[in-house]
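# build me a model from this:
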Amino acid sequence: MTFRYAIIPTPIGDAVSAFSGEGLVALRIAPEPEWALESVSRELRGALLPDDGSDAAEELAAQLEAYFAGERRRFDVALDWRLVAGFTREALEAVREIPYGATAAYGEVAAMAGRPRAARAVGTACRTTPYSLVVPVHRVVRADGTIGGYGGDEDVKRFLIELEQDALAPGRVPHPGVDHRSDGAAGSRE
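Next comes the predicted model:
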């Protein structure tokens with residue numbers, strides 16, 4: 001099977017996205033897009049070709065831009081769930097219900113997914129999600145309210161939570177185009 005990919009710059013790194021005819025099959029935020037492309041290609045076990053300007057890739061790019069500008073609360077791109085099954089999918093679907101600007105503990109998400117004792121499984125689902133940002137796993141925090149990890153980068157998770165909370169603040173000033181990459185160059189981040 002053949003999949004198309006697009007690399008979309010964001011303030012937190014390049015969004016490496018892969019699409020099938022059914023929708024977005026993977027989205028990785030990566031400091032090095034080549035690594036993410038190799039990883040996605042291995043997972044999909046299919047050819048990964050550059051996107052030719054498809055509507056799906058353009059729509060995702062527009063939604064990401066609006067999200068980082070504080071203007072989009074929810075992503076509505078079609079998802080191809082082929083890499084996700086069972087409770088992992090149920091957990092990720094529950095994560096999608098966490099309101100913009102809010103957080104929920106792993107145990108709360110487990111209860112939302114119908115398995116209140118599966119907090120660790122929710123953590124695994126969040127850690128391994130193929131849909132970074134689009135499924136807002138950054139909104140899932142530890143039971144004590146602390147941030148926890150986000151692909152190993154707590155600063156990015158904190159940035160995303162604050163971005164959303166700032167966008168909801170009364171009299172908000174549009175979020176500046178802050179680049180959270182260490183030198184502003186594409187592909188590198190703190």
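
# list the buried residues in the helix or strand harbouring Gly123.
Counting by DSSP states H and E, the element that carries Gly123 is helix 119-128. Of all the residues in helix 119-128, those buried under the rule 16 or more other CB atoms under 10 Å are Ala119, Ala121, Val122, Gly123, Ala125, Cys126. Every residue, glycine included, has its C-beta placed from N, CA and C.

# mind putting those residues into JSON lines with distance to Arg82 and pLDDT?
Conversion of the buried residues of helix 119-128 to JSON lines gives the following (distance: CB to CB, whole Å; pLDDT from 0 to 100):
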{"residue": "Ala119", "distance to Arg82": "26", "pLDDT": "97"}
{"residue": "Ala121", "distance to Arg82": "20", "pLDDT": "98"}
{"residue": "Val122", "distance to Arg82": "21", "pLDDT": "97"}
{"residue": "Gly123", "distance to Arg82": "22", "pLDDT": "96"}
{"residue": "Ala125", "distance to Arg82": "16", "pLDDT": "97"}
{"residue": "Cys126", "distance to Arg82": "19", "pLDDT": "96"}
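
# wait, doesn't Asp14 sit right on Leu37?
No. Under the criterion of CB atoms under 8 Å, Asp14 lies out of contact with Leu37, with a separation of 10.0 Å.

# who has more neighbours, these two?
Regarding Asp14 and Leu37, a neighbour count based on other CB atoms under 10 Å identifies Asp14 as having more, with 23 against 19.

# quick one: that one is in a strand?
Yes. Asp14 forms part of a strand when assessed by DSSP: H, G, I helix; E, B strand; the rest coil.

# thank you, goodbye.
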